[in-house]
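Trainee: Need coordinates for the below:
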Amino acid sequence: MTFVSQRFESLRSRGKCALIPFITAGDPDLDTTAEALKVLDRSGADFIELGVPYSDPLADGPVIQAAATRALQQGTRLDQVLEMVEAVRPQLHSPLILFTYYNPILNRGIKPFLQQISQVGIQGLVVPDLPLEEASNLLQLASEVGIEVTLLVAPTSSEERIKAIAQQSQGFIYLVSTTGVTGMRSQVEDRVQYLLSALRQTTDKPIGVGFGISQPQQARQVMNWGADAVIVGSAFVKRLAEGTPAQGLSAIAEFCRTLKASLVME
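Mentor: Prediction:
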């Protein structure tokens with residue numbers, strides 16, 4: 001399997017900005033999630049972020065919260081998600097990044113959790129409620145099994161904290177574009193351009209920008225500001241949930257291709 005960092009090196013060497021779509025596992029059902037992973041993989045996704053539904057998703061806005069609630073009501077659980085990933089993984093080219101809150105990891109045990117997700121073919125991990133001060137154990141154990149844990153930089157982070165997070169983050173650095181939760185915004189905050197510049201002076205690691213990006217022109221703007229990746233969540237989750245599963249899959253395929261086309265450098 002290709003590490004997240006290795007895929008970024010390959011994209012960078014070709015001057016390409018990565019597209020990272022996010023979907024919620026189990027919404028509307030796990031069979032559709034498996035198909036969605038394949039659809040996104042062949043429609044231009046460079047990585048795919050897969051959210052594990054959780055009952056108290058503090059970082060998620062209304063669209064993804066609603067998706068997680070529907071998935072949980074369907075009975076979606078972590079073991080089922082990982083079984084689905086194991087089955088579909090051989091058909092995917094894109095590295096998979098698991099997005100989960102810290103409580104499910106602690107409940108299972110950090111090392112068993114990491115070993116299990118590695119065995120089914122997950123390459124990256126994002127834990128939005130894990131503060132830097134408590135991340136060292138997870139980072140160390142993840143390195144031992146070949147999982148890269150990506151840390152988040154908030155737009156309110158101090159320069160000192162940005163440097164500390166950049167130093168520890170694996171795979172890439174996840175720059176949150178807006179204060180608050182995920183969701184679709186009408187524009188990307190100008191502060192993102194400043195934060196990208198500040199991070200560039202601190203690290204040469206790839207930087208992905210997420211939270212609030214929902215339109216091709218926003219993705220292109222973030223790319224032009226210097227991002228190595230654009231992460232889009234709520235806009236994909238919303239499209240996948242509308243209409244029948246077949247209609248949702250068709251909608252995310254078209255949207256993924258449109259976003260990817262906006263990231264072609266002139």
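
Trainee: Low-confidence ranges, the protein, go.
Mentor: Low-confidence segments of the chain (pLDDT under 70): 1-2, 57-59, 178-189, 266.

Trainee: Mind doing that once more with 90?
Mentor: 1-2, 55-62, 131, 154-159, 177-195, 197-198, 202, 211-212, 264-266 (pLDDT under 90).

Trainee: Need the residue closest to the centroid of it.
Mentor: Nearest residue to the geometric centre of the chain (C-alpha atoms, centre = their mean): residue 49, 3.7 Å.

Trainee: So what are the sheet partners of the one helix or strand it maps to and their directions?
Mentor: Using DSSP states H and E, residue 49 maps to strand 48-51. Strand 48-51 sits in its sheet next to strand 18-24 (parallel), strand 96-99 (parallel), going by DSSP bridges.

Trainee: Check which element follows it along the chain.
Mentor: Counting by DSSP H and E, what follows strand 48-51 is helix 62-73.

Trainee: Run the chain-centre distance for the strand holding residue 49.
Mentor: Here the centre of strand 48-51 is set off from its chain's centre by 5 Å, with C-alpha atoms, centre = their mean, to the nearest Å.

Trainee: Stretch 199-219 now?
Mentor: On C-alpha atoms, centre = their mean, the centre of stretch 199-219 falls 12 Å from the chain's centre.

Trainee: How about stretch 37-45?
Mentor: 14 Å.

Trainee: list the buried ones in it?
Mentor: 37, 39, 40, 41, 43, 44, 45 (16 or more other C-beta atoms under 10 Å). C-betas here are computed from N, CA, C, even on glycine.

Trainee: Dump the residues you listed to JSON lines, plus secondary structure.
Mentor: Formatted as JSON lines, those follow (DSSP: H, G, I helix; E, B strand; the rest coil):
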{"residue": "37", "secondary structure": "helix"}
{"residue": "39", "secondary structure": "helix"}
{"residue": "40", "secondary structure": "helix"}
{"residue": "41", "secondary structure": "helix"}
{"residue": "43", "secondary structure": "coil"}
{"residue": "44", "secondary structure": "coil"}
{"residue": "45", "secondary structure": "coil"}
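
Trainee: Go through those residues and say which is closest to residue 76.
Mentor: Distance to residue 76 across the buried residues of stretch 37-45 (C-beta to C-beta) is lowest for residue 37, with 14.6 Å.

Trainee: any idea how far residue 69 is from the closest one?
Mentor: Distance, residue 37 to residue 69, using C-beta to C-beta, to the nearest Å: 21 Å.

Trainee: Next: residue 52.
Mentor: 13 Å.

Trainee: neighbour-wise, which of those two wins?
Mentor: Comparing residue 52 with residue 69 by neighbour count (other C-beta atoms under 10 Å), the higher total belongs to residue 52, at 22 against 16.

Trainee: Okay, helices next: where are they in the stretch 151-266 of the chain?
Mentor: With DSSP state H, counting those that start in this stretch as the criterion, the stretch 151-266 of the chain has helices at 159-168, 191-200, 216-224, 234-241, 245-262.

Trainee: I'd like the distance between residue 173 and residue 40.
Mentor: For residue 173, the distance to residue 40 - C-beta to C-beta - is 22 Å.

Trainee: repeat for residue 100
Mentor: Distance, residue 100 to residue 40, by C-beta to C-beta: 19 Å.

Trainee: and if you look at residue 26?
Mentor: Residue 26 sits 16 Å away from residue 40, going by C-beta to C-beta.

Trainee: Enumerate every residue touching residue 200.
Mentor: Counting by C-beta atoms under 8 Å, 6 or more residues apart in numbering, residue 200 touches 207, 226.

Trainee: what does the one 3 residues further on give?
Mentor: The neighbours of residue 203, taking C-beta under 8 Å, 6+ apart as the test, are 163, 166, 167, 173.

Trainee: Weed out the non-buried ones from those.
Mentor: Buried among the contacts of residue 203 by 16+ other C-beta under 10 Å: 163, 166, 173.

Trainee: Turn the residues you listed into a markdown table, including distance to residue 256.
Mentor: Formatted as a markdown table, the buried ones among the contacts of residue 203 follow (distance: C-beta to C-beta, whole Å):
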| residue | distance to residue 256 |
| --- | --- |
| 163 | 34 |
| 166 | 29 |
| 173 | 23 |
